[in-house]
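A.B. asks: Predicted model, plus sequence, below.
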Amino acid sequence: MLAAPINPSDINMIQGNYGLLPQLPAVGGNEGVGQVVAVGSSVTGVKPGDWVIPANPGLGTWRTEAVFGEEELITVPSDIPLQCAATLGVNPCTAYRMLVDFERLQPGDSVIQNASNSGVGQAVIQIAAALGLRTINVLRDRPDLQKLTDRLKNLGADHIVTEEGLRKPEMKSFFKDVPQPRLALNCVGGKSSTELLRHLAPGGTMVTYGGMAKQPVIASASQLIFKDLKLRGFWLSQWKKDHSPGQLLLPSRGADSGEDCRGGQPRKENKLWLQPDWAQILLPPLLAIGSAEPAMGHQASYLTSALVSVS
Ligand SMILES: NC(=O)c1ccc[n+]([C@@H]2O[C@H](COP(=O)([O-])OP(=O)(O)OC[C@H]3O[C@@H](n4cnc5c(N)ncnc54)[C@H](OP(=O)(O)O)[C@@H]3O)[C@@H](O)[C@H]2O)c1
């Protein structure tokens, strides 16, 4: 393994409150990039030197070496930055699927999201810009808000609003110039998600993919009755189970929903994928979940450093 991130879901898995739990003892880490050192004689899909990422969650990427079946890996280009390759498989894919699977959006339409500085949020900003969609990005206030705003705008964000700003009456005039979004992406829950719902266009969809505030999503009866808003959820692991690898880049639920966006002219020049800011940290030598001793065989060595996103 060359590099592996620490994602919130990795922590949830260790806490035992994730939708997918490994058999113990297990190695943590669901994402990362490795380099193939050697292959068996009947292997045709990968060769020594290739960079590979996990095809599915649960591979245990926080280690230095492992033996995997070729069907467990996807080859990625090795001429992209290491941190991009290590974080390609989860957040950008989640962002893309949510943008194309739930609402039939056209270039010029807008999308609203909270936790916009998260790894997923930054992927949403970049992919939406490439699809010609406008993003309304909600953030928690902070002392260096301007710096973060500049960074997100540089990625392609159109509008930045704080959680507090979203509750202000001035938002009414904001939506005179910007089309009301038909898609909201909720990473937070609680009050933040209620605010997203308030600004959704009638008939629009809010997709919940994270619960960072650990509070329930609350929709008022009037939002459901008079605005007919739809509340949906997305989980990439389930999506992968439901789709063969060949379908990864094709639209699913919204039938042909993605085609319209892809057919339209990108509003901004496509840039290379920019990964979230990251810091490299040293890990303690043993990260086997539920095991005091390192597991035997190919799980015996552990990654000594991992990437943490700094939003
Ligand atoms: N469903 C799926 O398939 C799927 C796929 C990928 C990720 N996810 C989920 O998406 C979420 C984000 O993942 P990530 O890797 O993008 O995370 P990340 O880069 O670590 O970002 C975390 C984000 O959560 C915000 N946050 C943290 N605590 C919060 C709180 N109490 N209230 C409001 N906001 C809070 C942070 O905002 P501040 O900067 O203001 O702290 C930041 O924007 C996680 O819940 C993850 O499990 C789900």
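C.D. replies: Yes, it's here. Not measured: the values here are computed from a predicted model.

A.B. asks: now the residue positioned nearest the centre of the chain: how far from E71?
C.D. replies: Centrality entry for the chain: nearest residue to the mean C-alpha point is N91, 2.2 Å, by Cα atoms, centre = their mean. To E71, N91 is 23 Å away according to Cβ to Cβ, to the nearest Å. Quick note: C-beta positions are derived from backbone N, CA and C, even for glycine.

A.B. asks: do A221 as well
C.D. replies: Separation of A221 from E71 (Cβ to Cβ) stands at 48 Å.

A.B. asks: Which one's more surrounded, the two?
C.D. replies: E71 (10 against 7; other Cβ atoms under 10 Å).

A.B. asks: Show the contacting residues for that one.
C.D. replies: By Cβ atoms under 8 Å, 6 or more residues apart in numbering, the contact set of E71 is 45, 55.

A.B. asks: and what of the one 3 residues further on?
C.D. replies: I74 is in contact with 52-55, 89, 245, counting by Cβ under 8 Å, 6+ apart.

A.B. asks: Now tell me which helix or strand of this structure has the poorest mean pLDDT.
C.D. replies: None of the helices or strands of the chain scores lower by mean pLDDT, DSSP states H and E than helix 257-263, at a mean of 37.

A.B. asks: Could you confirm whether whichever helix or strand comes after that one reaches the ligand?
C.D. replies: Next along the chain after helix 257-263, taking DSSP states H and E as the criterion, comes strand 278-282. No: shown here: strand 278-282 not in contact with the ligand (Cβ under 6 Å from any ligand atom), separated by at least 9.8 Å.

A.B. asks: Strand 278-282 pairs with which strands?
C.D. replies: Strand 278-282 pairs in its sheet with strand 305-309 (antiparallel), by DSSP bridges.

A.B. asks: State the mean pLDDT of the partner strand.
C.D. replies: When pLDDT is averaged along strand 305-309, the result is 58.

A.B. asks: Stretch 170-181 too?
C.D. replies: For stretch 170-181, mean pLDDT rounds to 93.

A.B. asks: Many thanks, I have nothing further to ask.
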